[in-house]
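[1] Sequence first, predicted coordinates after that:
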Amino acid sequence: MSDVVWNIGYGHFLVLAAVLFLIGVAGVLLRRNALIVLMSVELMLNAANVTLLAFSRMWGDLSAHTFALIVIAVAAAEAAVGLAIVVAVFRGRRNVDVDRLTTLRH
Amino acid sequence: MRAILCVIAVVLAAAAAPASAAGLVLAPCPPAVVTGIRATLPTATGVKCYVHRTEAEVDGTPAGAVDEINAEVALGDGRVATVDVSPQGRVRSTTYRHSDLVGSSGKGMALLFWAFALAAVAGAVFVITRRNLIAAVMGMVGSFVGIAAIYMMLYAQFLAVVQMLVYAGAIMVLFVFVVMILNRPEDEPVAPSGRAGQVIGGLAILYLVVQLIMMLTRVEPPNLETAMAAPPPIQQGYDWGSVGAVGTDLFGPGLFPFEAISILLLVAVVGAIAIARPLREGSDNAGEGVVDEPTRTRQEGSAP
């Protein structure tokens, strides 16, 4: 037990990333506010980055840093477009509840 | 639903035993293998051999001749090497990885890891449980700060700084702006207003400007001779994860994705502006398709 607490290894980082990813998944699935859903997506992208960097350090390979940088840029673009969509939807219907956005339902 | 969970459990169980699935079994090392590894890696200690035999095991007893050995050894500089070696002790290939990274740094580092991991997880839980959107955004910022510290522990200094700038800076501001657009203004703002607020704000701005001027007067020009004489910064193990090391990778093999990102960001900026542009009567705007007809008339009816 004390070994797990005091000797931090790659497993700890991977488990932390998995926990963050699961919290993000729970946010996407459980919350209905579109803003919270977007924040949860950001959390999941960050968890993926933690995994990338842990394995990068483990194998001594720096190319994962490039990949993580690109993930951050994609996350920024996603946040910008996602928030623009949220604002546009809010203009039209005065709420951003994802369960009530059913206009496109077949 | 249950069936999906069962499938996932089976897949996880299959993934949990990769060594036995590949036919590699932990076995005592032949002396020739140990001497062969010591010859190529002088600092190797703690040699562990995983052997593969020509025939599968029968009832737990090994069968067939050994045809392949994967050895794991610890090196003196804190790395671990996986050595592909023949039974006669001839080393075919060696791959290196770093062993426990924070564990070797002592208990203080372990405490810091737990503190920042707790901050990251608590912030994430805050995001998905708060009803107040501003509280959720602040929880997200706390989570991102914790994750930036975790990056630092993984020797990714440059990415930790980028994380702070992009996530805790830019994306947080973006979210706060949208929350402010979506919500009505609060009845009692926290910041001091009136004459007292103006005085406090003026003093704060004056202090900042004075500090900035004092700092700028102390800036010295760079000593070019010593800067040019410094050794090249890229050396293995000495500045791993720094701006120089990441930049060398980014502008070498990662150049195409780097350039593609600039196009992506341009498209995202244009798209965000096009989508979020206000709907105006009589103009053919791109945002019109987002809203269906009845909703739009309702909105116009309720507008003052």
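    Looks like it arrived, so ask away.

[2] can we go C-alpha only for contacts and neighbour counts from here?
    OK.

[3] Flag the shaky bits of the chain, pLDDT-wise.
    Looking at chain A here, since you left the chain open. For chain A, applying pLDDT under 70 flags the ranges A:1.

[4] my bad, the chain I had in mind was chain B
    Residue ranges of chain B with pLDDT under 70: B:1-23, B:56-63, B:76-79, B:97-105, B:184-193, B:221-239, B:279-304.

[5] Now do the helices in it.
    Ranges of helices in chain B, per DSSP state H, are B:2-15, B:18-21, B:31-40, B:107-129, B:133-153, B:157-163, B:172-182, B:194-217, B:224-229, B:243-250, B:255-276, B:293-302.

[6] In the longest one, which residues are buried?
    Judged by neighbour count (16 or more other CA atoms under 10 Å in any protein chain shown), helix B:194-217 contains no buried residues.

[7] same deal with the fourth one?
    Across helix B:107-129, burial judged by 16+ other CA under 10 Å covers B:109-110, B:113-114, B:116-117, B:119-129.

[8] quick one, what contacts B:Arg195?
    Residues in contact with B:Arg195 (CA atoms under 8 Å, 6 or more residues apart in numbering or on different chains): none are found.

[9] show me the contacts for the nearest residue to B:Val127 once chain neighbours are set aside.
    Among residues not flanking B:Val127 along the chain, B:Ala136 sits closest, at 4.3 Å (CA to CA, 6 or more residues apart in numbering or on different chains). If you count contacts by CA under 8 Å, 6+ apart, B:Ala136 has them with A:Ile36, B:Phe126, B:Val127, B:Ile128, B:Thr129, B:Arg130.

[10] Report the two of those separated the most.
    The most widely separated members of the contacts of B:Ala136 are A:Ile36 and B:Phe126, with 10.6 Å between them, by CA to CA.

[11] My read is that A:Ala48 contacts A:Phe21, right?
    Yes. Judged on CA atoms under 8 Å, A:Ala48 makes contact with A:Phe21 at a distance of 7.5 Å.

[12] the more surrounded of these two?
    A:Phe21 (23 against 19; other CA atoms under 10 Å in any protein chain shown).

[13] Regarding chain A, what is its longest helix?
    The residue-count maximum for a helix in chain A (DSSP H) belongs to helix A:63-93.

[14] is that helix anywhere near chain B?
    Yes. Remark: helix A:63-93 sits within contact range of chain B at A:63, A:65-66, A:68-70, A:72-74, A:76-81, A:83-85, A:87-93, by CA under 8 Å from any CA of the partner chain.

[15] Please report the distance of the most centrally placed residue in chain A from chain B.
    Nearest to the geometric centre of chain A sits A:Met44, at 2.2 Å (CA atoms, centre = their mean). Applying CA to the nearest CA, to the nearest Å, the value for A:Met44 to chain B is 10 Å.

[16] which residue sits closest to that residue in space, ignoring its chain neighbours?
    A:Met44 sits nearest to A:Phe21 (CA to CA, 6+ apart), 4.6 Å away.

[17] Pull the contacting residues for the one you found.
    Contacts for A:Phe21 were tallied using CA under 8 Å, 6+ apart; they are A:Leu43, A:Met44, A:Leu45, A:Ala47, A:Ala48.
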